[in-house]
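# Here is my input; please provide its structure:
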Amino acid sequence: MASPAPAPTPTPYLVYLPAGAAHVVFLADRVTPLDPHLQLVVSTLDRSRLYHRIKRQLPPGSALLVAPISEAPKFKGMAAGALAACRDLWPPAS
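Numbering: from 1, shown residues only. Model (predicted):
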C-alpha cells in the first residue's frame, strides 16, 4: 500500500493588488495586509496557481504581482500586525 503524498509546504508570497481589489478571496493559510495594495500571503499553492486564481477575480488588464519571498522583508509604515506576522514566519535571530 502506497503512503499518502506529503502535504505541500506553505510558501510566503508578496502580492500587489490594484485599487478596488478588496473583494479578492485568497486560497491561503494566512493573509496579512501590509497596506491597501500589498498583502503577505502564505499559501500551499504554487506561484502560478495562486497568480491565476487571483487574476480571474480581477477586471481584465488589472495590475497584479505575486512573488515568493524566502526571508522577512525590510519595511516601515505598514499596517498594524505586519511586523508580528513577519516575525511569526521568520523569527528574529537570537
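
# which SS class is the residue nearest the centre of the chain?
The chain has residue 41 as the residue nearest its centroid, 1.7 Å off, counting by Cα atoms, centre = their mean. Following DSSP: H, G, I helix; E, B strand; the rest coil, residue 41 is assigned to strand.

# Quick check: beta-bridge partners of it?
On the basis of DSSP bridges, residue 41 is bridged to residue 13, residue 31.

# Please tell me how far it sits from residue 4.
The span separating residue 41 from residue 4 equals 26 Å under the rule Cβ to Cβ, to the nearest Å. Just so you know, the C-beta spots here come from the backbone N, C-alpha and C atoms, and that holds for glycine as well.

# Residue 18 now?
39 Å.

# just residue 60 next, same as before
From residue 60 across to residue 4, the span is 39 Å (Cβ to Cβ).

# contacting residues for the residue nearest to the centre of the chain?
Listed by Cβ atoms under 8 Å, 6 or more residues apart in numbering, the contact partners of residue 41 are 12-15, 26, 28, 30-32, 50.

# So of those residues, which two are at opposite extremes in space?
Largest separation among those by Cβ to Cβ: 32 and 50, giving 15.0 Å.
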